[in-house]
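**Q** next input, structure requested:
(one chain, ligands or ions: 1)
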Amino acid sequence: MLPAHYYPALKKHQHLVGNYGNAWWAQQKEFASFNGPILLTTNCLVPVRDSYKDRIFTTGRVSYPGVPHIADRAEGAQKDFSQVIELARSCPPPTEIESGSIVGGFAHNQVLALADKVVDAVKTGAIKRFVVMAGCDGRQKARSYFTDVASALPDDTVILTAGCAKYRYNKLDLGDIGGIPRVLDAGQCNDSYSLAVIALKLKEVFGLDDINELPISFDIAWYEQKAVTVLLALLHLGVKGIRLGPTLPAFLSPHVVKVLVENFDIKPTGEVRSDIEAMMAGE
Ligand code: SF4
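**A** A predicted model of the protein is given here:
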């Protein structure tokens, strides 16, 4: 629910009080301790456990055997969520797993509203580099790479993020640069679009011909899901030197790798220190 808080239209509902849990892969544990009804509206559902199978629902494109599915809205009508609401009224409250607050909502409109401040910070050298660490998250231990990169990046860098990759570092206390948070979270994976818009706008503001001249590095968290579209969109924009990790796409046959390396200088993530040094050098 975290990105839901970033949408002004949803903020007006006072019962949207918080976020529970983390990236998709923790759902079997977190759905159990949430105690209330869960409505899946999109992908990233994993096999449903008995501990919450009686209070999970699907709608839209996602479905699961034996799980009630809320039907599409009829012409001119609304979806009928009454069974979800009814169940919510009888459930105990969630078991607390953490507390705190996170600053978010930095989709392109908001970042561009701050464009003068951001551009000034780049011109004065207060911000040396942006590092895009968007993408998916997974349960593999190797994904702590992104936590380690976020922790070790110099204080004059700003991380642009969207999607579940953020859960690897959005609870670190990384501070701000003159009021600009060091993690600018555009929202969910679909909001990666915003990161591309921000890059294109910065290119325009700085009067550059090539997106690769911007002080932006791309260190993308791979998983075989929507990150595919994010990667293809970045390649379409001509972005070069993207790092992908910690695993590489299954479709990367030797021939495809050759094309991507030769034309786009794509590389796998490596050691945290050397990757940061390279990124800070624009490599
Ligand atoms: S970022 Fe990836 S893992 Fe997370 S919801 Fe989007 S597609 Fe799923």
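
**Q** return the residues of this protein in contact with the ligand.
**A** Trp24, Cys44, Cys136, Gly163, Cys164, Cys189, Tyr223, Gln225, Lys226 (CB under 6 Å from any ligand atom). Glycine gets a C-beta too; all of them are placed from N, C-alpha and C.

**Q** skipping its backbone neighbours, what lies nearest the last one in space?
**A** So the one you mean is Lys226. Nearest non-adjacent residue to Lys226, counting by CB to CB, 6 or more residues apart in numbering: Cys189, 4.6 Å away.

**Q** circling back: distance to Val103, pLDDT and neighbour count for the residues of the chain next to the ligand - can I get that in a markdown table?
**A** Listed next are the residues of the chain next to the ligand as a markdown table, based on distance: CB to CB, whole Å; pLDDT from 0 to 100; neighbours: other CB atoms under 10 Å:
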| residue | distance to Val103 | pLDDT | neighbour count |
| --- | --- | --- | --- |
| Trp24 | 22 | 90 | 20 |
| Cys44 | 24 | 83 | 16 |
| Cys136 | 22 | 87 | 23 |
| Gly163 | 17 | 89 | 29 |
| Cys164 | 18 | 90 | 26 |
| Cys189 | 19 | 82 | 24 |
| Tyr223 | 25 | 72 | 25 |
| Gln225 | 26 | 63 | 17 |
| Lys226 | 24 | 70 | 19 |
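
**Q** just send those residues back as TSV, with distance to Arg73 and secondary structure too.
**A** Formatted as TSV, the residues of the chain next to the ligand follow (distance: CB to CB, whole Å; DSSP: H, G, I helix; E, B strand; the rest coil):
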residue	distance to Arg73	secondary structure
Trp24	25	helix
Cys44	23	coil
Cys136	29	coil
Gly163	27	coil
Cys164	28	helix
Cys189	24	helix
Tyr223	31	coil
Gln225	26	coil
Lys226	24	coil
